[in-house]
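>>> how would this look folded up:
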Amino acid sequence: MKELLLVTILVLFHCTLGQQDFLTRNELSALLDLRSSLGIRSTDWPIKSNPCKQWTGIQCRNGRVIGINISGLKRTRVGRLNPSFSVDSLAKCTFLESFNASRFSLPGPIPDWFGYQLGSLKVLDLQSSSVTGPIPASLGNLNRLNALYLGSNDLAGSLPAALGQLMQLLVLDLSRNSLTGQLPSEFGLLRNLSKLDLSSNYFPGSIPSTFGSISSLKILNLSNNSLMGSVPVELGNLSNLVELNLGMNALSGLLPVEFMRLRNLEVLVLTDNRLEGRLPDGLFSSLGKLRVLELRENKFDGALPDALWSSQNLQVLDVSANNFTADLSNFSLKGHASGAVFNLSNNKLYGTPACLSENCTSIDFSGNYFQGKVTISSPRNGSLDMNCLQKVPYQRSLEDCRLFYAERDLTFDYFGNPEPGSVPKKRKRWIYILVGLLGGVGFITILVLVIVVVLRKFSNTITNERGSADVGRVPDGDSPPLPKDPTSVSSLRDSFTYEQLLGLTSEFSERNLIKHGPSGDLYQGFLEGGIPIVVKRINLHSLKQDSCMMELEFFSKHSHARLVPLLGHCLENENHKLLVYKYMPNRDLAESLYRVTNFEDDGLQSLDWITRLKIATGAAEGLSYLHHECNPPLVHRDVQASSILLDDKFEVRLGSLSRVCVQEGDLHQSVLTRFLRKSQ
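Here you go, the predicted model:
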């Protein structure tokens, strides 16, 4: 009995030892090399401890590394000075199944050997990691890959058709890059794919009909590209589709009647295209689960289907800026989801909707030909402007209303002047300007509050982190040390010749001039393939000769999603210093806040408050990076509306970085004091 008990104890002890994760010498060496090359802090990866047990983000099995997650980890001071895609030691981790470096800066191209030596990889996540260059075709060899996340980087070039070989792939996200070329028809072979996001790139051409063969697809997002041609009828075969977004392209033709088969569809976005014709009869009675329908900025015409008004799940409907024409006298909110938001503006709709006598909040009726009397003149979160309504300001002229109804042989009930001139034009213009100015003041107030809250939130934690990271004294002076030789930054992005930039900007012509900036003139140019860029021609008369080198030095050491991407430079000529940036479609905050509409040439179209809050948060994140994540801490010194740049999604990219300098004074003083300090 004692012998049996002893054997049992020995077996249990052996099993306990077997469960301990002790790495092989080869893989331990690989992790130590990775720790050194990436500059991971000792607080996250302590050097004298067991990586499988005490290193953040490391997973092991049977003495092998199977998972590495460095997402959001901070680098040491030395690691931040020279971030790069230095992960060669990963080649020794042949059992690696997951590598997540999202939001961890890895400037540089994806190594080609990834596709040859990481054959066990199931998840590769490099989102928001500052990755550049093309996507290696060798990734098509990773036949066990389930998820590939490469979104929000600076990837360029065409999509490798070899990615169509990844038969186990469930998620493919390549959004928000600078990819070009035709969409590969080979993607139609990815029968297990449930999410395909190729949005916000520069893909031209048509949508491959083979995409209709991805039978498991639930989310398809091809928005914000340059796609042309018709919408493939084969997309109607995607019976599992829940979300379809083809907005912001140049698609034309009719909406396929085959979409009636998409019975699981909940979100359909086709905004900003050239689609035309009537909406198919019976389409929306078949799409009973539809929650969001956005058809804005197309050329649809005819009547709006009755099924739209009886859909109980519909929460967002935007059919604005089309040519829909119909009598909506029977339109009512009854039966719709609580809090539904409808935008019917800028069509040719008419009649007297019953909703106008109800609580028609969150409905935009503006820019149509509705007539009659209403009980409210300014609905909350809605608009009645530019109709034919009585006793309501900002309506169409009486002649315009009469002509519209007469052309359609309809009765126009005129019970009094709809007051198109109730507000004189000059006074009206001043009202718009006053509203815009007050809105701008409100936005700036929110911006300051958000920045203060964010900076105070991080002030204590960042101070502690700096102490533990063995940060030395902040250097004296107004700016980071300049490189002695331009060749020391020549590897920073692409180097252009002066002749190249002359050609790209039409010899810096006036029609390419965007604006005169404080540090130089900004010109728009186009690379091969039509990719837009911005070229800054440094003003060497008003700035120090070193200002260009200071900005290049800054970009050589710092990379962040909230900084405007630098694409290249030209330093070959003593009389001309030029920097090349990624083009921001929505320009800057100063322009976006007060965009003048083309309606009567006196209207001011301001940003909505949700977008303003998004911009304020983005600006706060960018400044927080400069103040707290850079070492030594930096200050921008030129924060104003024109230095807050906005991409196509109104995401913030901080610009005007030529005056960035080392933060002076006591690092422990209040955040608000530092933020409001005037430039010296």
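>>> packing partners for the helix or strand hosting residue 537?
Element membership of residue 537, judged by DSSP states H and E, is strand 532-538. Applying 3 or more CB pairs under 8 Å, 6 or more residues apart in numbering; DSSP states H and E, one finds that strand 532-538 makes contact with helix 498-504, strand 520-526, strand 576-582. C-betas here are computed from N, CA, C, even on glycine.
>>> buried sites along the helix or strand that the first one is followed by?
Helices and strands here follow DSSP H and E; after helix 498-504, the next one along the chain is strand 513-516. Of the residues in strand 513-516, those buried under the neighbour-count criterion (16 or more other CB atoms under 10 Å) are residue 514.
>>> now stretch 149-165, how far from the centre of its chain.
Mean-position distance between stretch 149-165 and its chain equals 17 Å (CA atoms, centre = their mean, to the nearest Å).
>>> got the CA positions of stretch 298-310 in PDB?
This file holds the C-alpha atoms of stretch 298-310, laid out as PDB (Å, rounded to 0.1, in the frame of the first residue of the first chain):
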ATOM      1  CA  ASN A 298     -26.900  59.500 -55.700                       C
ATOM      2  CA  LYS A 299     -29.300  59.900 -58.600                       C
ATOM      3  CA  PHE A 300     -32.100  57.700 -57.500                       C
ATOM      4  CA  ASP A 301     -35.600  58.800 -58.600                       C
ATOM      5  CA  GLY A 302     -39.200  57.800 -58.500                       C
ATOM      6  CA  ALA A 303     -41.200  57.100 -55.300                       C
ATOM      7  CA  LEU A 304     -39.900  55.900 -52.000                       C
ATOM      8  CA  PRO A 305     -41.200  52.300 -51.400                       C
ATOM      9  CA  ASP A 306     -44.100  52.100 -48.900                       C
ATOM     10  CA  ALA A 307     -42.300  49.300 -47.000                       C
ATOM     11  CA  LEU A 308     -39.900  51.900 -45.700                       C
ATOM     12  CA  TRP A 309     -42.600  53.600 -43.700                       C
ATOM     13  CA  SER A 310     -43.800  50.300 -42.100                       C
END
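>>> number of nearby residues for residue 220?
Other residues lying near residue 220 total 23 when counted by other CB atoms under 10 Å.
>>> wait, isn't it in contact with residue 243?
Yes: using CB atoms under 8 Å, residue 220 is in contact with residue 243, at 7.2 Å.
>>> shared neighbours, the two?
Overlap of the contact sets of residue 220 and residue 243 (by CB atoms under 8 Å, 6 or more residues apart in numbering) is empty.
>>> quick one on the thing from earlier: next one: the strand holding residue 537 to chain centre, how far?
With CA atoms, centre = their mean, you get 22 Å for strand 532-538.
>>> and the angle from that strand to strand 520-526?
On the basis of axes from the mean of the first three to the mean of the last three CA atoms, to 10 degrees, strand 532-538 is oriented at 150 degrees to strand 520-526.
>>> buried residues in strand 532-538?
Of the residues in strand 532-538, 533, 534, 535, 536, 537, 538 count as buried by neighbour count, 16+ other CB under 10 Å.
>>> grab the nearest non-local neighbour of the first one.
Nearest non-adjacent residue to residue 533, counting by CB to CB, 6 or more residues apart in numbering: residue 525, 5.0 Å away.
>>> got it, and the third one?
Spatial nearest neighbour of residue 535, chain neighbours left out: residue 523 (4.8 Å); criterion: CB to CB, 6+ apart.
>>> now the helices for this structure?
2-19, 25-38, 51-54, 77-81, 114-117, 283-286, 307-310, 398-407, 425-468, 498-504, 547-557, 589-593, 609-624, 671-676 (DSSP state H).
>>> burial measure for the residue nearest to residue 535, as a count.
The burial count for residue 523: 24, using other CB under 10 Å.
>>> what sits against it?
Residue 523 neighbours (CB under 8 Å, 6+ apart): 505, 508, 512, 513, 514, 534, 535, 536, 537.
>>> check what pLDDT it gets.
Looking at residue 523, its pLDDT is 89.
>>> can you tell me how far residue 532 is from residue 647?
12 Å (CB to CB, to the nearest Å).
>>> which residues are in contact with each of the two?
residue 585.
>>> so which bits of stretch 38-46 are buried?
Quick answer for stretch 38-46 (16+ other CB under 10 Å): 38, 39, 40, 41, 44, 45.
>>> might one say that the fourth one is in contact with residue 80?
No: with contacts defined as CB under 8 Å, residue 41 does not count as touching residue 80, sitting 10.4 Å away.
>>> quick one on the thing from earlier: most neighbours per residue, which of the helices and strands packed on strand 532-538?
strand 576-582 (a mean of 22; mean count of other CB atoms under 10 Å).
>>> so how far is residue 580 from the closest residue to residue 578 other than its chain neighbours?
Sequence neighbours aside, residue 570 is the residue nearest to residue 578 in space, at 4.2 Å (criterion: CB to CB, 6+ apart). Distance from residue 570 to residue 580, counting by CB to CB: 8 Å.
>>> separation between residue 648 and residue 102?
21 Å.
>>> domain assignment for the chain?
According to automatic domain parsing, the chain comprises the domains 23-180, 426-474+585-680, 481-583.
>>> would JSON lines of those with distance to residue 195 be doable?
JSON lines is the format used below for the domains of the chain (distance: least, CB to CB, whole Å):
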{"stretch": "domain 23-180", "distance to residue 195": "5"}
{"stretch": "domain 426-474+585-680", "distance to residue 195": "19"}
{"stretch": "domain 481-583", "distance to residue 195": "22"}
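>>> mean neighbour count, these: which tops it?
Stretch with highest mean neighbour count among those: domain 23-180 (a mean of 19; mean count of other CB under 10 Å).
>>> quick one: average pLDDT of it?
93.
>>> show me what contacts the nearest residue to residue 192 once chain neighbours are set aside?
Using CB to CB, 6+ apart and skipping the chain neighbours, the partner closest in space to residue 192 is residue 216 (5.4 Å). Residues in contact with residue 216, defined by CB under 8 Å, 6+ apart, are 191, 192, 193, 194, 240.
>>> next: residue 208.
With CB under 8 Å, 6+ apart, residue 208 has these contacts: 183, 184, 185, 187, 188, 232.
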